[in-house]
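Q: this one's structure only:
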Ligand SMILES: [Zn+2]
């Protein structure tokens, strides 16, 4: 085994992989490769020890900063909820009488109506579910007060 191939073989080894027998034989007989591989092993050990300890401190520092951050809280006023709901429901209620729907059914056929109403249903479901998700605590309090009345 030549020296260049010996070093290349050593560099191709994985971290926990043992040194092949031919390479060991070359290292024993070649002082230059023996020294170079020793230096490489020291460098790898140093890299592993220096790279593992700061990452633990870095992880702790990042997690501490994450825990110190304020929770994201954004409220939408009731007026905006009511206005957007009115726009959605008015749009859905009036689309049956609009010229746009007549134009679309004239050009694309009656098959367009079912997907259109499915999309409107999805919009209503998204609106209601987002309202419930953002007002869960208030809705639970209302449900408890209704339960206590019954
Ligand atoms: Zn050699």
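A: Yep, it's here. Just so it is clear, the model here is predicted, and its values are computed rather than measured.

Q: Can you tell me the closest non-neighbouring residue to residue 34?
A: Nearest residue to residue 34, sequence neighbours excluded (C-beta to C-beta, 6 or more residues apart in numbering): residue 27, at 5.0 Å. To be clear about C-beta, it is placed using only N, CA and C from the backbone, and glycine gets the same treatment.

Q: Report the contact partners of that neighbour.
A: For residue 27, the contacting residues are 6, 19, 33-34, 37, by C-beta atoms under 8 Å, 6 or more residues apart in numbering.

Q: switch to 6 Å and redo it
A: For residue 27, the set of contacting residues under the criterion of C-beta atoms under 6 Å, 6 or more residues apart in numbering consists of 33-34, 37.

Q: nearest to the ion, of those?
A: Out of the contacts of residue 27, the one with the shortest distance to the ion is residue 33. That distance is 3.2 Å, counting by C-beta to the ion.

Q: if I read this right, the closest one contacts residue 6, doesn't it?
A: Yes: Residue 33 is within contact range of residue 6, at 5.0 Å (criterion: C-beta atoms under 6 Å).

Q: Between the two, which has more neighbouring residues?
A: Looking at residue 33 and residue 6 with other C-beta atoms under 10 Å, you find the greater number of neighbours at residue 6, namely 24 against 20.

Q: and that one, what pLDDT?
A: Confidence per residue is given as pLDDT, and for residue 6 that number is 91.

Q: got it, and residue 20?
A: Model confidence at residue 20, given as pLDDT, is 90.

Q: Apart from its chain neighbours, what residue comes closest to it?
A: Distance criterion C-beta to C-beta, 6+ apart; nearest residue to residue 20, sequence neighbours excluded, is residue 9 at 6.7 Å.

Q: how many neighbours does the residue lying closest to residue 13 once chain neighbours are set aside have?
A: With C-beta to C-beta, 6+ apart as the measure, residue 19 is the residue that lies nearest to residue 13, at 6.9 Å, once sequence neighbours are left out. Taking other C-beta under 10 Å as the criterion, the count of residues near residue 19 is 16.
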